[in-house]
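K.L.:
Quick one: sequence plus predicted model below, questions after.
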Amino acid sequence: MMNDVTPISNGNGNGGSRMGPLRKLFRGFAEEVMPGKSRVAPFNPRWEPPSVIGGLDADTMHGILAEAEGGYVERLFMLYRDLMVDSHLQGEFNKRKLAVLREEATFTPDDAEDPAAVEAATLVEDQWKRLKGKREALIHLLDSALYPVSVVEKVFKPGTNGQRFELDRLVPVPHHLLDYREGFLRIRDVAPDGQLLNSWHAPAGARYIVHRGHLLTSFPDKWGGPMRAVLFWFLFKTMNREWWARFLDRFGAPFIVGKYESGDDRSRSELAQAFSKATKIFGLTIPTGTSVDLVQSATAQAGDAFKNFHDVANAELSKLVVGQTMTTEASANGMSGAQANVHQGVRDDIKAYDALALAETLRDDLFDQLLAINGVFAMRPSIAFGGAAEADAQAVATLITALKQSGLEPDDDAIEYLSRLAGFRLRRSETGGLPFTLAADDANLALASSGSAALSRALRQQFAGVSRAAGDSRSAEEFEREITALLSSGNGPAAAVLADSLASFGANGLAGD
């Protein structure tokens, strides 16, 4: 299959000079990643590492972090996996991912006027639409918003429709397979049945997509990424629940307080026996002259303390994952419009960055490769996930309107930016813009419709003499004299109607502006 590679021109008629390097590229790529040599193994829950969260305490947590800083990150990533059992953390992380993945990706050529760029965008979009496993892969790549890194394996197959290679599917690489003990990222080998092997390999660029979607650029991967800040808040919150359950188990039921006369040892003994039997007979038999009171401990006040700590822990988790707390629960001072706008702005910034970082990684680790191995040498297309925030879109729309009123308009190269902003492809209208707003146009149409009858009457009155002159004239010279006299007699009523209409049209245009 590699011997029939068609020479690709570089625009100077020197396609043959590139034949050797291209054939070498294609042959090396095929030997490296084509089916039969893939290291992808089916997921087998049998070999999933056990949970490490049982019996977790501060000492165990520090031990896991120390291991990770030495390069052994397996237990750290297993702990990260287990943290997602927390409903609050899971919900906040899902919010962040869904903000990016809730809409289909859109592809835009780098230059809509360049046939090669359009071809590149078409090829990438076509393969993306037929790609299997992309939803799970994108979800996994977005893990690196909190994880230090996410890795996805690319699986190729022989191409169709004139293409040399096609993407078959994307396969997420579980985080617990990653390792840094050699000082760089390695991936643990897996047997065909999913069993872990005691060998590792480096993630070659031809095979893997490696994504780092966080802002800790000076934070080594083995230190754990932003998720490290979650660990102790989660631990304290979990221990807080356990402590609260123990408190309720011990102090939640009321205390039984028995009273007897001082020195009456017999009554004291009978009360003690009655208390010991109370749980069996669900009642008390006490001697005359004694009394029993039920005293409730101050669980309400104690419960407030536990609730406050739990709320603080959840708020810290929310601030780390989604940058604010307003979308989680309302606070006493968090419902004002100004503060809501600030919180929404933070959320929009995080969404925009997540989408931008994911798009850049896909272009670097996937699109460039797809184009090169299929012999398409053009600038890679842009990919966008959804549109801009509502406030940003409204601001741009207002700017464009203001520019138009000033006699300016965006150039063609702004269409790509506006397409990303809108979340779908845009093109310049073939009819062009109108000088007035829609409201002014509607008013002008109504004015023209109502004024047409008056204009018609005025024209018939003004030019009625033309038909009389044509009938009464005995020669062409006489008719010419009659018409000249008629037309030189003044503007007439029709001119007044037209002047009034044009003035009204102008007034409508100014009102529309």
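P.N.:
Received the coordinates, thanks.
K.L.:
what's the neighbour count on residue 148?
P.N.:
When counting by other CB atoms under 10 Å, one arrives at 29 neighbours for residue 148. C-beta: built from backbone N, CA, C; applies to glycine.
K.L.:
which residue sits closest to it in space, ignoring its chain neighbours?
P.N.:
Leaving aside its sequence neighbours, residue 148 sits nearest to residue 225 (CB to CB, 6 or more residues apart in numbering; 3.3 Å).
K.L.:
ditto for residue 146
P.N.:
Closest to residue 146 by CB to CB, 6+ apart is residue 227, at 4.2 Å.
K.L.:
ok, now residue 67?
P.N.:
Looking at residue 67 with CB to CB, 6+ apart, the closest residue is residue 75, at 6.0 Å.
K.L.:
In contact with that neighbour, which residues?
P.N.:
Residues near residue 75 by CB atoms under 8 Å, 6 or more residues apart in numbering: 52, 64, 67-68.
K.L.:
Going along the chain, name the strands of the stretch 1-150 of the chain.
P.N.:
Remark: strands assigned in the stretch 1-150 of the chain by DSSP state E, counting those that start in this stretch are 105-108, 150-158.
K.L.:
and those strands as CSV, adding mean pLDDT?
P.N.:
Shown next, in CSV, are those (pLDDT from 0 to 100):
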stretch, mean pLDDT
strand 105-108, 88
strand 150-158, 90
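K.L.:
Let me see the domain layout of this structure.
P.N.:
The chain breaks down into these domains under automatic domain parsing: 25-225+353-370, 232-347, 438-512.
K.L.:
Looking at those domains, which is nearest to residue 403?
P.N.:
Nearest to residue 403, of all the domains of the chain, is domain 438-512, at 16.3 Å by CB to CB.
K.L.:
Could you measure from residue 213 over to residue 123?
P.N.:
The gap separating residue 213 from residue 123 is 26 Å, by CB to CB, to the nearest Å.
K.L.:
More neighbours: which of the two?
P.N.:
residue 213 (25 against 22).
K.L.:
Now do the contacts for that one.
P.N.:
Listed by CB under 8 Å, 6+ apart, the contact set of residue 213 reads 141-142, 144-145, 150, 354, 357-358, 361.
K.L.:
Not counting its neighbours along the chain, what's nearest it?
P.N.:
residue 144 (4.2 Å).
K.L.:
Show the pLDDT at the one you found.
P.N.:
The score at residue 144 is 96. That number is its pLDDT.
K.L.:
I'd like to know how many residues surround it.
P.N.:
25.
K.L.:
what sits against it?
P.N.:
Residue 144 makes contacts with 150, 211-214, 225, as judged by CB under 8 Å, 6+ apart.
K.L.:
For residue 398, state which of these is nearest.
P.N.:
The closest of the contacts of residue 144 to residue 398 turns out to be residue 213 (CB to CB; 31.6 Å).
K.L.:
For that closest one, which three-state class applies?
P.N.:
Following DSSP: H, G, I helix; E, B strand; the rest coil, residue 213 is assigned to coil.
K.L.:
hang on, the residue nearest to residue 148 packs against residue 150?
P.N.:
No - using CB atoms under 8 Å, residue 225 is not in contact with residue 150, being 10.0 Å away.
K.L.:
phi, psi of the closest residue to residue 379 other than its chain neighbours?
P.N.:
Excluding the flanking residues, the one nearest residue 379 by CB to CB, 6+ apart is residue 110, at 3.8 Å. Per-residue torsions, residue 110: phi -60, psi -30 (degrees, to the nearest 10).
K.L.:
ok, now which ones touch residue 110?
P.N.:
By CB under 8 Å, 6+ apart, residue 110 lies in contact with 117, 120-121, 378-382, 416.
K.L.:
and the least confident of those?
P.N.:
residue 416 (67).
K.L.:
Residue 85 and residue 53, how far apart?
P.N.:
Computed as CB to CB, the residue 85 to residue 53 distance reads 7 Å.
K.L.:
Neighbour count for those two, which is higher?
P.N.:
Just comparing residue 85 and residue 53: by other CB under 10 Å the higher neighbour count belongs to residue 53, 17 against 12.
K.L.:
The more buried one: what's it in contact with?
P.N.:
For residue 53, the contacting residues are 79, 82-83, 85, by CB under 8 Å, 6+ apart.
K.L.:
Show me which of those residues are buried.
P.N.:
Buried subset of those (neighbour count, 16 or more other CB atoms under 10 Å): 79, 82-83.
K.L.:
pLDDT averaged over the helix or strand containing residue 238 - what is it?
P.N.:
Using DSSP states H and E, residue 238 falls within helix 228-251. Mean pLDDT, helix 228-251: 75.
K.L.:
Can you mark which positions in the helix or strand immediately after that helix in the chain are buried?
P.N.:
Under the assignment DSSP H and E, the closest C-terminal helix or strand after helix 228-251 is strand 255-259. By neighbour count on 16+ other CB under 10 Å, the buried set for strand 255-259 is residue 258.
K.L.:
ok, now stretch 199-206?
P.N.:
For stretch 199-206, burial by neighbour count (16+ other CB under 10 Å) applies to residue 203.
K.L.:
so how far is the first residue of that stretch from its last?
P.N.:
End-to-end distance for stretch 199-206, by CA to CA, to the nearest Å: 20 Å.
K.L.:
neighbours of residue 98, just the number please.
P.N.:
By other CB under 10 Å, the residues close to residue 98 number 12.
K.L.:
do you know how far it is from residue 169?
P.N.:
In terms of CB to CB, residue 98 sits 23 Å off from residue 169.
K.L.:
ok, now residue 128?
P.N.:
Taking CB to CB, one finds residue 128 at 12 Å from residue 169.
K.L.:
Same question for residue 89.
P.N.:
Residue 89 is 29 Å from residue 169, where distance means CB to CB.
K.L.:
where in the stretch 1-150 of the chain is pLDDT low?
P.N.:
1-42 (pLDDT under 70).
K.L.:
Show me where the stretch 301-450 of the chain has its strands.
P.N.:
For the stretch 301-450 of the chain, the strands defined by DSSP E, counting those that start in this stretch cover 382-385.
K.L.:
Under the pLDDT cut-off, which ranges of it? List them.
P.N.:
Within the stretch 301-450 of the chain, the ranges that satisfy pLDDT under 70 run 301-303, 327-341, 387-395, 413, 416-417, 419-425, 427-450.
K.L.:
nearest spatial neighbour of residue 139, skipping sequence neighbours?
P.N.:
Of all residues not flanking residue 139 in the chain, residue 97 sits nearest, at 6.2 Å (CB to CB, 6+ apart).
K.L.:
Over to residue 43?
P.N.:
Leaving aside its chain neighbours, residue 43 sits nearest to residue 194 (6.5 Å; criterion: CB to CB, 6+ apart).
K.L.:
Residue 45 versus that neighbour, what's the distance?
P.N.:
Per CB to CB, residue 194 is found 8 Å from residue 45.
K.L.:
And residue 308, by the same measure?
P.N.:
In terms of CB to CB, residue 308 sits 39 Å off from residue 45.
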